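Q: below are the sequence and a predicted model; questions follow.
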Amino acid sequence: MKTVNDFNFKDKKALVRVDFNVPQSADLKVTDNTRIQAVKPTVEKILNDGGSVILMTHLGRPKGKASEEFSLKNIVSEIEEVFGKKVMFCADCLGEEANRMTTELQPGSILLLENLRFYNEEEEGDTAFAEKISKYADAYVNDAFGTAHRAHASTAIIAQYFPSTKFFGLLMAKELEAVEKVLKKGEKPVTAIIGGSKVSSKITIIENMLPAIDNLIIGGGMAFTFVKALGGTIGNSIVEEDKMDLALDILARAKAGNVTVYLPVDVIGADEFSNDAETKEIDIYEIPEGWMGLDAGPKSQKLFHDVIMNSRTILWNGPIGVFEMPNFSAGTVALGNSIAESTVLGAFSLVGGGDSVAFVKQFGYDEKVSYVSTGGGAMLESLEGKELPGVKAVNS
Ligand code: AMP
């Protein structure tokens, strides 16, 4: 893997694809600058070498039309604050102004190009569009992990114009190393914890991970499909009846591959899908009609804790209860605490994929695990074993 650390950018211009698709308030102020913070080391490395940086990104879904709402000029001041440096802005990513500003760019300076998705060619992966942009710089750097699963002009197609000067940014390298640490080089025992609502959305991840793991904890709504398939009574709990055979197949394949599967043994039952529901602890195989399991019960929490404390590598994807409701968040909180405790003892823990990051941040676990991925869809696809177009383009 070639990263920016393998090149001296002195007097070179680097086109750096970042993912500044940041959340904004109604008055277009940046409400979470994590994605800007995340690429600071890459930008600093290039500037410290004596190079200059041309930042390019998309923001939102402007569908090929320029608009105030999706303009990157609204986030320039936030970028300047995070980088602690002046950032010049070019109000179009193509055209005379962009040609002039990129030509005149001096070592040590940063230029931000306007939203790439103001042109349909970006998402279409248009070659001519990519080639025009490639002319601005001597090197191409991809540090946009959040968009690496898309074969867009700036994330993949453009790399071909930099046959010997294309590199991964440091964020991208960290994300790819984290996946590798779990799937390929994980110190054993390796434990994957897969939660969330549905088996169907996690099946590819589970299948891809089976050869790499020793333990599989299945929690959250998806556990009920397994429990019902095993003959349990699950009351009104969420279930995918048409995935029950698949659930049994996964269990059989896990067994054949010496992977131990842990399902919850008890739940916090509720008489309706509401934070105000009446609740009681119930055996997961004996949930009466009119009740549904909305969180992992205390026995399950203890079971999962013991497995996690015995693990050296941990992947966590998805909550194991309806964490959005405070009365059903205890299982997910306990799980996070167990992972944090195991991490202190030296385990490597990766959290990511889909919306995982939401609950991790809500409960402050981002400070307590080894790595939290910045890319929902891209991490999901990496764990599914797919080669991301943005990664392939830089590697080939
Ligand atoms: P996913 O996007 O597939 O990772 O699923 C996340 C969602 O699963 C969260 O919104 C949780 O509220 C939901 N979830 C977790 N456990 C349960 C459960 N026992 N019943 C219903 N939904 C659940």
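A: Arrived safely, thanks for sending.

Q: ok, now which ones touch the residue in the stretch 51-200 of the chain positioned nearest to the ligand?
A: Per Cβ to the nearest ligand atom, residue 196 is where the stretch 51-200 of the chain lies closest to the ligand, at 2.7 Å. In this view, the C-beta of every residue, glycine as well, is placed from N, C-alpha and C. By Cβ atoms under 8 Å, 6 or more residues apart in numbering, residue 196 lies in contact with 202, 220-222, 317-319, 354.

Q: try residue 272
A: Contacts of residue 272 (Cβ under 8 Å, 6+ apart): residue 292.

Q: just the pLDDT at it, thanks.
A: Per-residue confidence (pLDDT) for residue 272: 98.

Q: does it count as helix, strand or coil?
A: Here residue 272 is coil, with the state taken from DSSP: H, G, I helix; E, B strand; the rest coil.

Q: same thing with residue 193?
A: strand.

Q: and it, how many neighbours?
A: 27 (other Cβ atoms under 10 Å).

Q: next one: the closest residue to it other than its chain neighbours from the ligand, what distance?
A: Spatially, and ignoring its direct neighbours in sequence, residue 193 is nearest to residue 217 (4.3 Å; Cβ to Cβ, 6 or more residues apart in numbering). Using Cβ to the nearest ligand atom, to the nearest Å, residue 217 is found at 13 Å from the ligand.

Q: test my guess that residue 217 contacts residue 192.
A: Yes: using Cβ atoms under 8 Å, residue 217 makes contact with residue 192 at a distance of 7.2 Å.

Q: what residues are up against residue 339?
A: 193, 308, 314, 316, 347, 349, 351, 365, 368-369.

Q: check which helix or strand it maps to.
A: helix 330-344 (DSSP states H and E).

Q: can you give me the buried ones in that helix?
A: Under the neighbour-count criterion of 16 or more other Cβ atoms under 10 Å, helix 330-344 has 330-340, 342-343 buried.

Q: do stretch 162-175 as well
A: Buried residues in stretch 162-175 (16+ other Cβ under 10 Å): 162, 165-175.

Q: what about these, which are in strands?
A: 166-168 (DSSP state E).

Q: re earlier: now, which of the contacts of residue 196 sits nearest residue 108?
A: Checking those against residue 108 by Cβ to Cβ gives residue 354 as the nearest, at 39.1 Å.

Q: measure that closest one to residue 202 for me?
A: Remark: distance between residue 354 and residue 202 (Cβ to Cβ, to the nearest Å) = 9 Å.

Q: also residue 113?
A: Plainly put, residue 113 is 37 Å away from residue 202 if you go by Cβ to Cβ.

Q: what of residue 123?
A: For residue 123, the distance to residue 202 - Cβ to Cβ - is 27 Å.

Q: and what of residue 365?
A: Applying Cβ to Cβ, the value for residue 365 to residue 202 is 20 Å.

Q: what's the answer for residue 285, then?
A: Taking Cβ to Cβ, one finds residue 285 at 22 Å from residue 202.

Q: higher neighbour count, the two?
A: For residue 285 versus residue 202, neighbours defined as other Cβ under 10 Å are more numerous around residue 202 (24 against 15).

Q: what does the stretch 51-200 of the chain put close to the ligand?
A: Where the stretch 51-200 of the chain comes near the ligand, counting by Cβ under 6 Å from any ligand atom, the residues are 196-198.

Q: the nearest residue to residue 73 once chain neighbours are set aside bridge partners, please.
A: Distances taken as Cβ to Cβ, 6+ apart place residue 89 nearest to residue 73, at 5.6 Å, with adjacent residues excluded. Residue 89 has these beta-bridge partners by DSSP bridges: residue 112.

Q: can you list the low-confidence ranges for the chain?
A: Within the chain, no range satisfies pLDDT under 70.

Q: the domain parsing of it - what is it?
A: Domain assignment for the chain by automatic domain parsing gives 4-172, 186-382.

Q: so which of those domains gets nearest residue 394?
A: domain 4-172 (5.1 Å).

Q: and that closest one, end to end?
A: End-to-end span of domain 4-172 (Cα to Cα, to the nearest Å): 11 Å.

Q: from the chain's centroid, how far away is it?
A: 20 Å (Cα atoms, centre = their mean, to the nearest Å).

Q: also stretch 169-183?
A: That offset, for stretch 169-183, works out to 11 Å (Cα atoms, centre = their mean).

Q: repeat that for stretch 387-396.
A: 17 Å.

Q: and if you look at stretch 270-288?
A: Using Cα atoms, centre = their mean, the offset of stretch 270-288 from its chain centre is 32 Å.

Q: rewinding a little: any chance of the domains of the chain in TSV, plus distance to residue 389?
A: Shown next, in TSV, are those (distance: least, Cβ to Cβ, whole Å):
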stretch	distance to residue 389
domain 4-172	4
domain 186-382	10
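
Q: all strands in the stretch 201-350 of the chain, in order from the N-terminus.
A: 215-218, 233-234, 260-262, 266-270, 279-283, 286-287, 292-296, 313-317, 348-351 (DSSP state E, counting those that start in this stretch).

Q: what do you get for the stretch 51-200 of the chain?
A: Going by DSSP E, counting those that start in this stretch, the stretch 51-200 of the chain shows strands at 52-56, 87-90, 110-113, 139-142, 166-168, 190-194.

Q: dump those strands to CSV, plus distance to residue 103.
A: Output for those, formatted as CSV (distance: least, Cβ to Cβ, whole Å):
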stretch, distance to residue 103
strand 52-56, 11
strand 87-90, 11
strand 110-113, 11
strand 139-142, 16
strand 166-168, 21
strand 190-194, 50
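
Q: for residue 189, which residues are in contact?
A: Contacts for residue 189 (Cβ under 8 Å, 6+ apart) come out as 214-215, 310-313.

Q: go on, residue 157?
A: 125-127, 130, 151, 393.

Q: and residue 140, bridged to which residues?
A: Beta-bridge partners of residue 140, as defined by DSSP bridges: residue 15, residue 166.
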